[in-house]
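J.: Here is my input; please provide its structure:
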Amino acid sequence: MTFSHYLREGAHVGLRPFRTADGPEFTARAHESRELHRPWLFPPDTIEEYEPYAARLTEGGSRAGFLVCERETGAIAGFVNVNNIVRGAFQCGALGYGAFAHAAGRGLMREALGLVLAHAFAPETADTANTANTANTANTGNGLGLHRLEANVQPGNAASIALVRGAGFRLEGLSPDFLYVDGAWRDHERWAITAEAFA
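T.: As a prediction, the model looks like this:
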């Protein structure tokens, strides 16, 4: 089954918003991908976890979530979320992302990240620039109008570091005990890109 209303499309993947109806497929893929994701990533793998997770990504102005779907089949290959969006003089968000095991190593997330960067840095239209609901902005296909995106990555996560480095992110430093992951405070490298560097 294909999905014909992608926000952005590349040669192999399309981006679309999260939906409640995606819960069974998303959680099955997350469950299948535990070995790939651990100890770096813990996406929801039950419907009870997925529903509030998806709601946060579609209902609030501080986040925008994108499912990465294979264009040929419509299957969910992964996800890229823009979290902690701050407006005003900052115009910045923090990325969270993950590929599912069946799609890992195929270049799909590289393509998807480029599509998310293009969407995040594209200007908002006059109709959406004045709204407080970024999720609605993301879902109309208009840009997010951001200036900067950050990705905080654990130093041992070589695949994630390669992904952001390949997309043009620059290493800005190391933050000790930065995020609480898998039962402990973990160090993270801070990677970032601006709209000017992406252009």
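J.: and whichever helix or strand residue 80 is part of, how far out from the chain's middle?
T.: If you go by DSSP states H and E, residue 80 is part of strand 76-86. Centroid separation between strand 76-86 and its chain, computed with CA atoms, centre = their mean, to the nearest Å, is 2 Å.
J.: mind checking how far whichever helix or strand comes after that strand is from the chain centre?
T.: Using DSSP H and E, the helix or strand that follows strand 76-86 in sequence is strand 92-99. On the basis of CA atoms, centre = their mean, strand 92-99 sits 4 Å off its chain's mean C-alpha point.
J.: Quick check: residue 95 touching residue 148?
T.: No - using CB atoms under 8 Å, residue 95 makes no contact with residue 148, being 10.9 Å away. C-beta here means a position set from N, CA and C on the backbone, and glycine is covered the same way.
J.: Same drill for those two, tell me which one is more crowded.
T.: When neighbours are counted by other CB atoms under 10 Å, residue 95 and residue 148 differ, and residue 95 comes out ahead with 26 against 19.
J.: Identify the residue nearest the more buried one in space, chain neighbours excluded?
T.: Leaving aside its chain neighbours, residue 95 sits nearest to residue 151 (4.5 Å; criterion: CB to CB, 6 or more residues apart in numbering).
J.: what angle separates the helix or strand harbouring residue 165 from strand 92-99?
T.: If you go by DSSP H and E, residue 165 is part of helix 158-166. The directions of helix 158-166 and strand 92-99 differ by 130 degrees, with axes from the mean of the first three to the mean of the last three CA atoms, to 10 degrees as the criterion.
J.: And stretch 172-191, what's buried?
T.: Buried residues in stretch 172-191, counted by 16 or more other CB atoms under 10 Å: 186, 188-191.
J.: Dump the residues you listed into a markdown table; add distance to residue 19, secondary structure and pLDDT as well.
T.: Below are the buried residues of stretch 172-191 laid out as a markdown table (distance: CB to CB, whole Å; DSSP: H, G, I helix; E, B strand; the rest coil; pLDDT from 0 to 100):
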| residue | distance to residue 19 | secondary structure | pLDDT |
| --- | --- | --- | --- |
| 186 | 31 | strand | 96 |
| 188 | 30 | strand | 97 |
| 189 | 33 | strand | 98 |
| 190 | 32 | strand | 98 |
| 191 | 29 | strand | 98 |
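J.: now residue 23, nearest residue through space, not along the chain?
T.: Nearest to residue 23 is residue 50, by CB to CB, 6+ apart, at 4.4 Å.
J.: sec struct for the one you found, please.
T.: helix (DSSP: H, G, I helix; E, B strand; the rest coil).
J.: That one: neighbouring residues, count only.
T.: 21.
J.: cool, the one 3 residues further on as well?
T.: Using other CB under 10 Å, residue 53 has 18 neighbouring residues.
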